[in-house]
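# From the sequence below, what's the structure:
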Amino acid sequence: ESPVHQVTLSDYYICKYEVTQKQWRAFLPTEGKCIVDGEDRNKTAMDKLSWEDAKVFADTLSAITGLQFALPTEAQWEFAARGGRTRGYKYAGGNKLDDVAWYQDNSKGTSHPVKQKQGNALGIYDMNGNVWEWCSDWYGSYESYPVVNPTGPEDGDFHVLRGASWSSIPERLGVANRNNHKTEFRHSRFGMRLVMTIDDLEAQ
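Numbering: from 1, shown residues only. Below is the predicted model of the structure:
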């Protein structure tokens, strides 16, 4: 989580919530692990995704729509989680964990439908808990000097995951907390959300 450093980002859009089971099945046939039924299943965050799975979904959606969807960079993810400019909250949307996140103490051992918890100042939901979210960056140390639109190391062995999950202990849910895993590794705790640059949408 350190060193603390200044980051400048270009404008972008980010999904209000994690990609859901229904959204995934609309474009790709593979289904993740989900133990809830009915309409709740459709609204539940897509899970059991590797980084490669998430990248394929972003690329498929881009090809179908003609827009450029992508996994967020780690910097884009954290800026959105903080609600834009830093507001001093420990979690995405507040300081009371039960208000904003599904985690070990309240999840009953599974992922949940999106948008059930309190959103943050930008109207973005579930950036803490529910499922870990893949980022585009390879995992590596932060620079100590100011950076513009950072994208992480040029290569590596692990990709970044942010936000923690339904099984995480409270200590893992701060907005600055980082995780990483092998690109091809799938887990029931791993999901995704997408970003798109402002220029991509305005060009349509």
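# Residue 170 and residue 123: what is the separation?
Distance from residue 170 to residue 123, counting by C-beta to C-beta, to the nearest Å: 24 Å. In short, each C-beta sits where N, CA and C put it, glycine included.
# packing partners for the strand of greatest length in the chain?
In the chain, with assignment by DSSP state E, the single longest strand is strand 132-138. Applying 3 or more C-beta pairs under 8 Å, 6 or more residues apart in numbering; DSSP states H and E, we find strand 132-138 packed against helix 74-81, strand 158-162, strand 190-191.
# Give me the distance from the shortest one to the chain's centre.
Right, strand 190-191. Distance, stretch centre to chain centre, for strand 190-191: 8 Å (C-alpha atoms, centre = their mean, to the nearest Å).
# Longest helix of this structure, counting residues only.
Counting by DSSP state H, the longest helix found in the chain is helix 51-65.
# Report the distance from it to the chain centre.
15 Å.
# Determine the angle, from 0 to 180 degrees, between that helix and strand 158-162.
If you take axes from the mean of the first three to the mean of the last three C-alpha atoms, to 10 degrees, helix 51-65 sits at 80 degrees to strand 158-162.
# Helix or strand next in line after helix 51-65, which one?
Scanning forward in sequence from helix 51-65 by DSSP states H and E, the next helix or strand is strand 69-70.
# now the residue minimising distance to the centre of the chain: how far from residue 3?
Centroid-nearest residue in the chain: residue 133, 3.4 Å away (criterion: C-alpha atoms, centre = their mean). Distance, residue 133 to residue 3, using C-beta to C-beta: 23 Å.
# Then residue 149?
Taking C-beta to C-beta, one finds residue 149 at 19 Å from residue 3.
# For these two, indicate the residue with more neighbours.
Taking other C-beta atoms under 10 Å, residue 149 and residue 3 do not tie; residue 149 has more neighbours (12 against 9).
# residues contacting the more buried one?
8-10, 73, 75 (C-beta atoms under 8 Å, 6 or more residues apart in numbering).
# could you point out where the chain is predicted with low confidence?
29-40, 86-87, 200-204 (pLDDT under 70).
# that older thread, max pairwise distance over the contacts of residue 149: which two?
Spatial extent of these (C-beta to C-beta) is set by the pair 8 and 73 at 12.4 Å.
# And the two? Which one has more around it.
Using other C-beta under 10 Å, the more surrounded residue of residue 8 and residue 73 is residue 73, with 21 against 11.
# Please list all residues in contact with that one.
Contacts of residue 73 (C-beta under 8 Å, 6+ apart): 135-137, 149-152, 195.
# How much space separates it from residue 171?
Distance, residue 73 to residue 171, by C-beta to C-beta: 25 Å.
# Now do the contacts for residue 156.
Counted by C-beta under 8 Å, 6+ apart, residue 156 has contacts 138-140.
# Would you mind giving those residues as a markdown table with neighbour count and distance to residue 102 added?
Formatted as a markdown table, these follow (neighbours: other C-beta atoms under 10 Å; distance: C-beta to C-beta, whole Å):
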| residue | neighbour count | distance to residue 102 |
| --- | --- | --- |
| 138 | 19 | 28 |
| 139 | 18 | 24 |
| 140 | 15 | 29 |
